[in-house]
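In: My questions are about this predicted structure, shown below with the sequence.
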Amino acid sequence: NAVVQAKEFNTALELNGVIVTKLDGSGKGGGLVAIKHELGIPTRFIGTGEKVENFAPFDAREFVETIL
């Protein structure tokens, strides 16, 4: 689902990055990997809560180490 949505948005807007809100599980993380792999669009920021303070630059290495 995430890849299909990213493809549609990319067609309309030519995306240069993805921001993921409420990154609370590996399911969304798998979508990030697929979007980068299939479309070449990097993840720029992640959110782990509902406030602006809960957004941070995305670190792929840290994310992989966390889920493994």
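Out: The structure has been received and is ready for your questions. Note that this is a predicted model, so its numbers are computed, not measured. Residues are numbered from 1 along each chain as shown.

In: Can you list the neighbours in contact with the lengthiest strand in the chain?
Out: If you go by DSSP state E, the chain has its longest strand at strand 43-47. Residues outside strand 43-47 that contact it (C-beta atoms under 8 Å, 6 or more residues apart in numbering) are 17-23, 32, 35-36, 54-58, 60, 63. Any C-beta I mention is one placed from the backbone N, CA and C, and that applies to glycine too.

In: who's sitting farthest from the centroid in this structure?
Out: No residue in the chain sits farther from the centre than Ala12, which is 18.3 Å out by C-alpha atoms, centre = their mean.

In: So for the strand or helix carrying it, mean pLDDT?
Out: Per DSSP states H and E: Ala12 is located in helix 2-13. Here helix 2-13 scores 94 as its mean pLDDT.

In: Check stretch 31-50 too.
Out: Mean pLDDT, computed over stretch 31-50, is 90.

In: Look at that stretch and report the distance between its end residues.
Out: Counting by C-alpha to C-alpha, to the nearest Å, you get 20 Å between the two ends of stretch 31-50.

In: Next: stretch 37-44.
Out: 15 Å.

In: Quickly note the distance from Gly17 to Thr43.
Out: 7 Å (C-beta to C-beta, to the nearest Å).

In: And for Asn16?
Out: 11 Å.

In: Which one's more surrounded, these two?
Out: Thr43 (21 against 9; other C-beta atoms under 10 Å).

In: Skip the chain neighbours and tell me the closest residue to that one.
Out: If the residues on either side of it in the chain are set aside, Thr43 comes closest to Phe58, at 4.3 Å by C-beta to C-beta, 6 or more residues apart in numbering.

In: and the one you found, how many neighbours?
Out: Neighbours of Phe58 (other C-beta under 10 Å): 18.

In: repeat for the one 3 residues further on
Out: Neighbourhood size, Arg61 [other C-beta under 10 Å]: 7.

In: Buried residues, the strand or helix carrying it. List them.
Out: Using DSSP H and E, Arg61 falls within helix 60-67. By neighbour count with 16 or more other C-beta atoms under 10 Å, helix 60-67 contains the buried residues Phe63.
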